[in-house]
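>>> Take a look and give me a structure for this.
(chains A and B)
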Amino acid sequence: GAGVSQSPSNKVTEKGKDVELRCDPISGHTALYWYRQSLGQGLEFLIYFQGNSAPDKSGLPSDRFSAERTGGSVSTLTIQRTQQEDSAVYLCASSLGFTSGNEQYFGPGTRLTVT
Amino acid sequence: KQEVTQIPAALSVPEGENLVLNCSFTDSAIYNLQWFRQDPGKGLTSLLLIQSSQREQTSGRLNASLDKSSGRSTLYIAASQPGDSATYLCAATSGYALNFGKGTSLLVTP
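Below is the predicted model of the structure:
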């Protein structure tokens, strides 16, 4: 079956612009996660959705970052007024949840470059 | 917060060797531990998931073990092949968020 998909695969934007990153989870997966992978920080957790609710937003690095999920499916991560330190690969993952061991499956990522 | 460390950071072996990658974590109240493979410029591929009640999992030439009391997991790769060259990441969770190590970069030479 189809895996997790993300778009765009690459995004180059100018400092100060807003960007939207999209994630389509595996069909039927109720949990969705966003992570960020950067050279200096490794892989870090950003936010978790259970259905359309985000019980934990503690990983979002600043109030310029926000995310939503609609219909228990697609999620969008929005970064406002982008800064150069936002350059990273943004990875989305989904899982069936804790009843199935919560194995997380990752998408290919969106590489964001802020110039 | 769960801290995860992977040793070694890089490893180069000739084809055919058996090898072990190590992962340690600080919080023994672990829910599960997941091993991933990442190829350059790609996302993460899940290799094995070990739940807290399990001691090991096997898939083909891969075997992962979990020792909660010592805070350690190992990934054993048998009869390594050049196609195994990639970065291997260990991630532990005490809830829903995965806490990742920085990975072991593996090169298998023909």
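>>> mean confidence for stretch B:96-110?
Mean pLDDT, stretch B:96-110: 95.
>>> what are the ranges of the helices in chain B?
Under the criterion DSSP state H, chain B carries no helices.
>>> near chain A, which residues of it show up?
B:31-32, B:34, B:36, B:42-46, B:49, B:51, B:89, B:91, B:93, B:96-103 (C-beta under 8 Å from any C-beta of the partner chain). Backbone N, C-alpha and C define where each C-beta goes, glycine included.
>>> and the residues you listed, which are buried?
The neighbour count (16 or more other C-beta atoms under 10 Å in any protein chain shown) marks B:32, B:34, B:36, B:43-44, B:46, B:49, B:51, B:89, B:91, B:93, B:96-101, B:103 as buried among the residues of chain B next to chain A.
>>> how about the residues of chain A that lie near chain B?
When proximity is defined as C-beta under 8 Å from any C-beta, chain A approaches chain B at A:4, A:31, A:33, A:35, A:42-45, A:48, A:56, A:59, A:91, A:93, A:98, A:101-109.
>>> Next, count neighbours for residue B:38.
Neighbourhood size, residue B:38 [other C-beta atoms under 10 Å in any protein chain shown]: 20.
>>> On the strand side of things, show who it bridges to.
residue B:44, residue B:87 (DSSP bridges).
>>> Check what pLDDT it gets.
At residue B:38, pLDDT is 96.
>>> residue contacts, it?
The contact partners of residue B:38, by C-beta atoms under 8 Å, 6 or more residues apart in numbering or on different chains, come to B:44, B:45, B:86, B:87, B:88, B:89, B:103.
>>> Perfect, that will be all.
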